[in-house]
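J.: Here is a sequence with its predicted model. Questions after.
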Amino acid sequence: MTKQFEVLIIGGSYAGLSAAMALGRSLRQVLVIDSGKPCNRFTPHAHNFITHDGQVPAQIAKQARQQVERYNTVFFHEGLAVEGRKTEAGFEVETEAGEVFFAKKLIFATGLRDVLPDIPGLSDCWGKTALHCPYCHGYEVRKQPTAILGNGDYGYDFSKLISHWTADLTLLTNGPSTLDEARAEKLNKHGIRLVETEIDHLKQVDGQLQAIVFKDNTSLPMNAMYLHPDPVQQCSIPQQLGCEMTELGLLKVDMMQKTTVPGVFACGDNSSPRFLSAAVATGGMAGAVVNKVLVEEVFE
């Protein structure tokens, strides 16, 4: 395989494949470097993605890759990109195995990694019955006993949102609540329980949540739980190159998916809301914009 390309795409899930398709259809020489560990690999079914609602995420990605592979200027390399450097001609990216690839432009579709609270049983449920998004999973657990793990503004605001899907709702602050009296009273008025007892573990079978077990040996039957884990960038190369971050820890991009470093673009969860449709849309935009930039450079 050649080491020189017009565009390197780091990350080969929905956003990266969408960018690759746009560039393949633009006759660009592209390499997609992917480690094979998408963020949604823990989720059995993808939802709220038109034409693919309810499908297995890996099957959607497999079909997408098969379609992208029809474009003979797009190549794939299995590996983990770990280093990136600016060169006179563009950029070079090195993988964990020590292979180095070169390109004029970079697109990062590297996603995020979720750092879960240290609660036994939570990782087993993550993506199945421990959830982050009601638009992705709320319908499947509608009207069921549901908990929210959170406190303060997040706990209050998310409780309001999830109450639309179920009336059997409990806010778990996992320690002293930081809600003011007015907000606590409003939750109570709407039938949302507030539990401040610290959590010991989640009782679950094969990722199916059964109960929240507390440190005082009490328990609460539960079918689902929402939480917002701390997301961190899956790939550190954009920061190595000097890309700015937002206050939420996302890569800062403009409407054209351009980062703050010329020649470097980002798309998908690393820089936009976590929806499959958003990943596909921003990936397609990044690919189209990169092609336009390359065309414009020929005319400079």
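T.: Yep, it's here.
J.: Distance from the chain centre to stretch 283-296, please.
T.: 23 Å (CA atoms, centre = their mean, to the nearest Å).
J.: I meant stretch 76-83, not that one.
T.: When distances are taken as CA atoms, centre = their mean, stretch 76-83 is centred 19 Å away from the chain's centroid.
J.: who's in contact with it?
T.: The contact list for stretch 76-83 (CB atoms under 8 Å, 6 or more residues apart in numbering) reads 1, 10, 12, 31-36, 65, 69, 93-97, 99, 101, 235, 237, 240. Backbone N, C-alpha and C define where each C-beta goes, glycine included.
J.: Report the buried members of those.
T.: When those are checked for burial by 16 or more other CB atoms under 10 Å, the buried set is 10, 12, 31-35, 65, 93-95, 101, 235, 237.
J.: so which pair among the residues you listed is furthest apart in space?
T.: Farthest apart among the buried ones among the contacts of stretch 76-83 by CB to CB are Arg65 and Glu94. That separation is 23.6 Å.
J.: Go ahead and confirm Trp126 touches Val115.
T.: No. If you go by CB atoms under 8 Å, Trp126 and Val115 don't touch, sitting 11.1 Å apart.
J.: out of those two, which sits in the busier spot?
T.: More crowded of Trp126 and Val115, by other CB atoms under 10 Å: Trp126, with 19 against 10.
J.: Give me the neighbour count for the closest residue to Gly36 other than its chain neighbours.
T.: Excluding its sequence neighbours, the residue lying closest to Gly36 (CB to CB, 6 or more residues apart in numbering) is Glu78, at 6.4 Å. Glu78: 12 surrounding residues under other CB under 10 Å.
J.: ditto for Lys215
T.: If we define neighbours as other CB under 10 Å, then Lys215 has 11 of them.
J.: same check, this time on the one 4 residues further on
T.: Around Ser219 there are 14 other residues, counting by other CB under 10 Å.
J.: and Asn291, what element?
T.: Using DSSP states H and E, Asn291 falls within helix 276-298.
J.: Would you mind writing the CA trace of that helix as PDB?
T.: C-alpha atoms of helix 276-298 as PDB (Å, rounded to 0.1, in the frame of the first residue of the first chain):
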ATOM      1  CA  LEU A 276     -26.100   8.800  14.400                       C
ATOM      2  CA  SER A 277     -27.700  11.200  11.900                       C
ATOM      3  CA  ALA A 278     -25.500  14.000  13.000                       C
ATOM      4  CA  ALA A 279     -22.400  11.800  12.600                       C
ATOM      5  CA  VAL A 280     -23.300  11.000   9.100                       C
ATOM      6  CA  ALA A 281     -24.200  14.500   8.200                       C
ATOM      7  CA  THR A 282     -21.100  16.100   9.600                       C
ATOM      8  CA  GLY A 283     -19.000  13.400   8.000                       C
ATOM      9  CA  GLY A 284     -20.500  14.100   4.600                       C
ATOM     10  CA  MET A 285     -20.000  17.800   5.100                       C
ATOM     11  CA  ALA A 286     -16.300  17.300   6.100                       C
ATOM     12  CA  GLY A 287     -15.600  15.200   3.000                       C
ATOM     13  CA  ALA A 288     -17.300  17.700   0.600                       C
ATOM     14  CA  VAL A 289     -15.500  20.600   2.200                       C
ATOM     15  CA  VAL A 290     -12.100  18.900   2.000                       C
ATOM     16  CA  ASN A 291     -12.600  18.200  -1.700                       C
ATOM     17  CA  LYS A 292     -13.500  21.900  -2.300                       C
ATOM     18  CA  VAL A 293     -10.500  23.100  -0.400                       C
ATOM     19  CA  LEU A 294      -8.200  20.800  -2.500                       C
ATOM     20  CA  VAL A 295      -9.800  22.100  -5.700                       C
ATOM     21  CA  GLU A 296      -9.300  25.700  -4.600                       C
ATOM     22  CA  GLU A 297      -5.700  25.100  -3.800                       C
ATOM     23  CA  VAL A 298      -5.000  24.000  -7.400                       C
END
